[in-house]
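Engineer: what follows is a predicted structure for the sequence shown.
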2 protein chains.
Amino acid sequence: MNKEDYFIKQFSSNKIIGDDGAVIKNTVYSMDAFFQNVHFKKEWMSLKQIAYKSMIVNISDAIAMNAKPKYALLSVAIPSTYKKQDLKDLAKGFKKAAKEFGIQIIGGDTISNEKLDISVTIVSKTKNPIYRSGVKKEDLLCYTGELGSCKKDLEKLFSNKKVSKKSKFIKPKLNPEFFYEISKYVNASLDISDGLFFELERLSKASKVGFEFFKKIHEDIGTSGEEYEMLFSFSKKDLKRIEKIAKKYKVKLNIFAKAVEGKYETKSKNHHF
Amino acid sequence: MNKEDYFIKQFSSNKIIGDDGAVIKNTVYSMDAFFQNVHFKKEWMSLKQIAYKSMIVNISDAIAMNAKPKYALLSVAIPSTYKKQDLKDLAKGFKKAAKEFGIQIIGGDTISNEKLDISVTIVSKTKNPIYRSGVKKEDLLCYTGELGSCKKDLEKLFSNKKVSKKSKFIKPKLNPEFFYEISKYVNASLDISDGLFFELERLSKASKVGFEFFKKIHEDIGTSGEEYEMLFSFSKKDLKRIEKIAKKYKVKLNIFAKAVEGKYETKSKNHHF
């Protein structure tokens, strides 16, 4: 068991923990850390991009649960060397994401620290939350978009090479409107933050199902993290409806497996923690 | 202007920011960072005490706004050297505070980091929030308990001396029942986290009043931070009622000033950021 799971298990009397967000009535709460030298290196991104991405990874959690983000709280630990312009740039990134998703930044905390460490709490509203535990046997499993580029870009960044300005690693692209529209057909979902194989392990555990793959998924695809593509399951009878909506929003669907009796475990090493 | 204020000003179109917590309808959201080498040193406290205090400083914000804490989210960055027992000890501290105040820990994030950096979000409920902006002219100003010991203890800790196990710096003592009971008489309040003088400056700014002191307050009292005593204002006509409740809960009241026309600014240096 990794340390994150072990730590979370200490609170396991609590059934709310375990999804991308915690659902209390119609409200979803999600909180994610975005720390320098853990999630990013300063040389990789501008301050505006860092602040923006710290919001997006949290907003993605809300969308994965079919919730609309409303409010954000920011805990921002800032190196004491930062100048006013740096603070302005950070604020710009937070505000850009907030504006894009109709979020109000309502509070938080700012402290002086050795490095730039951000935690974001997003409060979202939903009438119909989608959980990881909802996969039904015979469900089709699908992920959106293309996987793999984030792993490649991350390797480039680690070897001091440049990545495209459009890199999803720098600026994840979410498809909220697409996902909200298909949500009524979705049985289970989560976003791909740690890599497809690891998210599938989570789905398997939460839904108590295994997966029968239609074709082999390459390691470079299955272990590419920070993709923020959506992984979801749905009944075969809704396939045509989902395909139609995907076409409308120009979202690529990859239907790669079906849910079966059993259990799925990846042999790939989790880079996370 | 200090950096924290400058950063917050970037979001200033937003009127919700500025109190201990953000009020949305009957819900109060507060988020505070509790970082190693910023708020504590590892040698000063046990992991359980650190986790406990990280919760308490947030719960104090909720109480100061007359709100009852309900849910907590934890962002915990943990050194990779920590063993399972360390994670257990941390969890114990979080759970102790949660149990004491009837809070459910509903989620958060755990990551591996160089040092132990905690951010806590507390969701609270209130029917009658109290703001910093509520001081009325002629109001009496009061703080609870004794101030000064936290500054002394902090100095001791910095010179590698031991402090009492009962030190408020290690284990702040909140008086929620007392404060909820007097809340109907309270016009404005906040908790003393940065020191009395600095909190008074905040009250002055928010309520657009000055203060006439009944006697000089010593620098060692006025600049002692992390006290988590309550600072509040009320109308003279309610003095007897508040004194009666204070007696019931054995809370010491220090009525030290009255609100007048004008503006209060401290010349003391803010240690914060």
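Structural biologist: In hand now; what should we look at?

Engineer: A:Ile245 is in contact with A:Phe178, isn't it?
Structural biologist: Yes - counting by Cβ atoms under 8 Å, A:Ile245 sits close enough to A:Phe178 to count as a contact (6.4 Å). All C-beta spots, glycine's among them, are computed from the backbone N, C-alpha and C.

Engineer: what residues are shared contacts of these two?
Structural biologist: Residues within reach of A:Ile245 and of A:Phe178 at once, by Cβ atoms under 8 Å, 6 or more residues apart in numbering or on different chains: there are none.

Engineer: looking at the two, which one has more neighbours?
Structural biologist: A:Phe178 (20 against 17; other Cβ atoms under 10 Å in any protein chain shown).

Engineer: name the element the more buried one belongs to?
Structural biologist: Per DSSP states H and E, A:Phe178 falls inside helix A:176-182.

Engineer: average pLDDT across the longest strand seen in chain A?
Structural biologist: Using DSSP state E to define each element, chain A has its longest strand at strand A:68-79. For strand A:68-79, mean pLDDT is 96.

Engineer: list the helices and strands that strand packs on?
Structural biologist: If contacts are counted by 3 or more Cβ pairs under 8 Å, 6 or more residues apart in numbering or on different chains; DSSP states H and E, strand A:68-79 sits against helix A:47-64, helix A:84-100, strand A:104-113, strand A:117-125, helix B:3-9, strand B:22-24, strand B:27-35, strand B:117-125.

Engineer: show me what contacts A:Leu73?
Structural biologist: Taking Cβ under 8 Å, 6+ apart, one finds A:105-108, A:120-121, A:123, B:22, B:29-31, B:121 in contact with A:Leu73.

Engineer: top of the residues you listed by neighbour count?
Structural biologist: A:Val120 (31 neighbours).

Engineer: mind listing what that residue touches?
Structural biologist: So A:Val120 contacts A:31-32, A:34, A:54-55, A:57-58, A:72-75 (Cβ under 8 Å, 6+ apart).

Engineer: same thing with A:Met45?
Structural biologist: Counting by Cβ under 8 Å, 6+ apart, A:Met45 touches A:53, A:170.

Engineer: from the contacts of A:Leu73, pick the one nearest B:Ser133.
Structural biologist: Of all the contacts of A:Leu73, B:Ser133 sits closest to B:Ala22, with 13.9 Å by Cβ to Cβ.

Engineer: quick check, pLDDT for the closest one.
Structural biologist: 90.

Engineer: what sits against it?
Structural biologist: Neighbours of B:Ala22 in contact, by Cβ under 8 Å, 6+ apart: A:71, A:73, A:106-107, B:16, B:28-30.

Engineer: now render the contacts of A:Leu73 as JSON lines, adding distance to B:Glu43.
Structural biologist: As requested, these are exported to JSON lines (distance: Cβ to Cβ, whole Å):
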{"residue": "A:Ile105", "distance to B:Glu43": "36"}
{"residue": "A:Ile106", "distance to B:Glu43": "36"}
{"residue": "A:Gly107", "distance to B:Glu43": "32"}
{"residue": "A:Gly108", "distance to B:Glu43": "29"}
{"residue": "A:Val120", "distance to B:Glu43": "31"}
{"residue": "A:Thr121", "distance to B:Glu43": "30"}
{"residue": "A:Val123", "distance to B:Glu43": "37"}
{"residue": "B:Ala22", "distance to B:Glu43": "35"}
{"residue": "B:Tyr29", "distance to B:Glu43": "33"}
{"residue": "B:Ser30", "distance to B:Glu43": "28"}
{"residue": "B:Met31", "distance to B:Glu43": "27"}
{"residue": "B:Thr121", "distance to B:Glu43": "28"}
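
Engineer: A:Ile130: which of the contacts of B:Ala22 is nearest?
Structural biologist: Nearest to A:Ile130 among those: A:Tyr71, at 20.5 Å, using Cβ to Cβ.
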